[in-house]
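Q: I would like to see how this sequence folds:
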Amino acid sequence: MTEDQKFTVFFSTWVVLGVISFLLLFVNKNAIFKKKVFPSFLIIVGVLFGGFTAWMEGSVKAVAWMYPFIALIMFLNYKLTKFCPKCGSTNYNRMMFTSMKYCQKCGESLEETESQPVK
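A: Take a look at the predicted model:
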């Protein structure tokens, strides 16, 4: 496969993932569904990114140094993203060392309580 064909496959895949991500995180307002699907989505995206990088480079060894960073980014995305139980909004904590307690859209508490169990 030529470099141009590889890039076309890579780019097309990321466009599809971008659309899926937009639909999952911004159009969908079901916070329980988002909490269930988000970890799997992160893993799929991380594996695809690492796999595409190795495939386009031609060797896993050439890009193996990237894998810990990909894992770190996946972990941070998981820890810094919360979903509002009231309005279903996706909230990103842009200040890594402080906790996000309230929804940026409606002000609802994002803290897990007994009345808001994760199913």
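
Q: burial of the closest residue to residue 88 other than its chain neighbours, as a residue count?
A: Nearest non-adjacent residue to residue 88, counting by Cβ to Cβ, 6 or more residues apart in numbering: residue 29, 3.1 Å away. Bear in mind the C-beta positions are built from the backbone N, C-alpha and C, glycine included. For residue 29, the count of nearby residues is 14 (other Cβ atoms under 10 Å).

Q: ok, now residue 1?
A: 9.

Q: in the protein, which ranges drop under the pLDDT threshold?
A: The chain contains residues with pLDDT under 70 at 112-119.

Q: tell me, what residue is most central in it?
A: The centre of the chain sits closest to residue 42, judged by Cα atoms, centre = their mean, with a distance of 4.3 Å.

Q: Tell me if that one really is in a helix.
A: Yes. Assessed by DSSP: H, G, I helix; E, B strand; the rest coil, residue 42 belongs to a helix.

Q: Report the contact partners of the residue nearest to it when sequence neighbours are not counted.
A: Setting aside the residues directly before and after it, residue 42 is nearest to residue 74 in space (Cβ to Cβ, 6+ apart), at 4.9 Å. Going by Cβ atoms under 8 Å, 6 or more residues apart in numbering, residue 74 touches 42, 43, 45, 46.
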